[in-house]
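A.B. asks: Mind looking at a prediction? Sequence and model below.
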Amino acid sequence: SQQGEEDPQALSIQEGENATMNCSYKTSINNLQWYRQNSGRGLVHLILIRSNEREKHSGRLRVTLDTSTKSSALLIPASRAADTASYFCATGAGGTSYGKLTFGQGTILTVHP
Amino acid sequence: GAGVSQSPSNKVTEKGKDVELRCDPISGHTALYWYRQSLGQGLEFLIYFQGNSAPDKSGLPSDRFSAERTGGSVSTLTIQRTQQEDSAVYLCASSLLGVRTDTQYFGPGTRLTVL
């Protein structure tokens, strides 16, 4: 299995519900990032959390990181139809000094109005 | 300012033909990355440029794939003798310094279909 695996692969919820997407990874990391992708095209950077951080917020989004279990979660509270997209976690390697990212397979989030 | 642009947005080619994909990074960004997104494989790293040099080409799938960057700006990914398994969306990203904590800004991608 690949570094940065998301769980679930697909999530379907109603508007107003909270969305939680999980990511697991295998090797040591420098940081973990979450990206959003609409319609299978360009990715948009959402948030970066460093390996020495446990929680980070960006607007509505909240990301947690647990390096002991090698896992991260992206939480979107009170979801909106506009949050419908694919969400990917990506890990920045611990062994390199540059920004090579290893992506997971992604979670397809559908928020029904 | 302008974001990362890629051309063409879609490319359909016949098996065995060569293709060139272009990436225009954000002005002033020293680092440029190519990724490939295909069904069943997710997003895969292909190559990283710092300026005009490529310190990491480890993700290029075969010697049919090559890339160059000129003037520290535009990059071209070339696939020779295309195969059906090369069909994918090819994404380019740039970042300011290329360090691990940089934000990478992605282009809209080129969807390549090899018939």
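C.D. replies: Nice, thanks for sending it over. Residues are numbered from 1 along each chain as shown, chains lettered A, B, ... in the order given.
A.B. asks: Tell me the confidence at residue A:4?
C.D. replies: What the model reports as pLDDT for residue A:4 is 64.
A.B. asks: quick one: the strands in chain B?
C.D. replies: B:5-7, B:10-13, B:19-24, B:31-38, B:42-50, B:53-56, B:65-69, B:75-79, B:88-95, B:105-106, B:110-114 (DSSP state E).
A.B. asks: between the ones you listed, which one is nearest to residue A:18?
C.D. replies: strand B:42-50 (25.4 Å; C-beta to C-beta). All C-beta atoms are positioned from the backbone trio N, CA, C, and that covers glycine.
A.B. asks: Any residue of the closest one touching chain A?
C.D. replies: Yes: interface with chain A: strand B:42-50 contributes B:42-45, B:48, B:50 (C-beta under 8 Å from any C-beta of the partner chain).
A.B. asks: Around chain A, pick out the residues from chain B.
C.D. replies: B:4, B:31, B:33, B:35, B:37, B:42-45, B:48, B:50, B:55-56, B:89, B:91, B:93, B:95, B:98-109.
A.B. asks: contacting residues for the closest residue to chain A within chain B?
C.D. replies: Relative to chain A, the nearest point of chain B is residue B:43 (3.7 Å; C-beta to the nearest C-beta). Going by C-beta atoms under 8 Å, 6 or more residues apart in numbering or on different chains, residue B:43 touches A:43, A:88, A:90, A:103, B:35-37, B:91.
A.B. asks: what does chain A put close to chain B?
C.D. replies: Residues of chain A lying close to chain B (C-beta under 8 Å from any C-beta) are A:2, A:30-31, A:35, A:40-45, A:48, A:50, A:88, A:90, A:92-93, A:96-106.
A.B. asks: again, only using 10 Å
C.D. replies: Contact residues, chain A versus chain B (C-beta under 10 Å from any C-beta of the partner chain): A:2, A:4-6, A:29-31, A:33, A:35, A:37, A:39-48, A:50, A:88, A:90, A:92-94, A:96-106.
A.B. asks: Identify the residues contacting residue B:3.
C.D. replies: Taking C-beta atoms under 10 Å, 6 or more residues apart in numbering or on different chains, we find residue B:3 in contact with A:42, B:24-26, B:94, B:105-108.
A.B. asks: hmm, 6 Å instead?
C.D. replies: Listed by C-beta atoms under 6 Å, 6 or more residues apart in numbering or on different chains, residue B:3 has no contact partners.
A.B. asks: Grab the nearest non-local neighbour of the residue nearest the centre of chain B.
C.D. replies: Centroid-nearest residue in chain B: residue B:34, 3.3 Å away (criterion: C-alpha atoms, centre = their mean). Spatially, and ignoring its direct neighbours in sequence, residue B:34 is nearest to residue B:46 (4.1 Å; C-beta to C-beta, 6 or more residues apart in numbering or on different chains).
A.B. asks: before we move on, what about residue B:25?
C.D. replies: residue B:94 (3.3 Å).
A.B. asks: What about residue 85, how many residues nearby?
C.D. replies: Chain wasn't specified; assuming chain A. 19 (other C-beta atoms under 10 Å in any protein chain shown).
A.B. asks: That was the other one, I meant chain B.
C.D. replies: Neighbours around residue B:85, by other C-beta under 10 Å: 11.
A.B. asks: what sits opposite the residue of chain B closest to chain A in the beta ladder?
C.D. replies: Residue B:43 has these beta-bridge partners by DSSP bridges: residue B:37.
A.B. asks: quick one: it and residue A:57, what's the gap?
C.D. replies: 25 Å (C-beta to C-beta, to the nearest Å).
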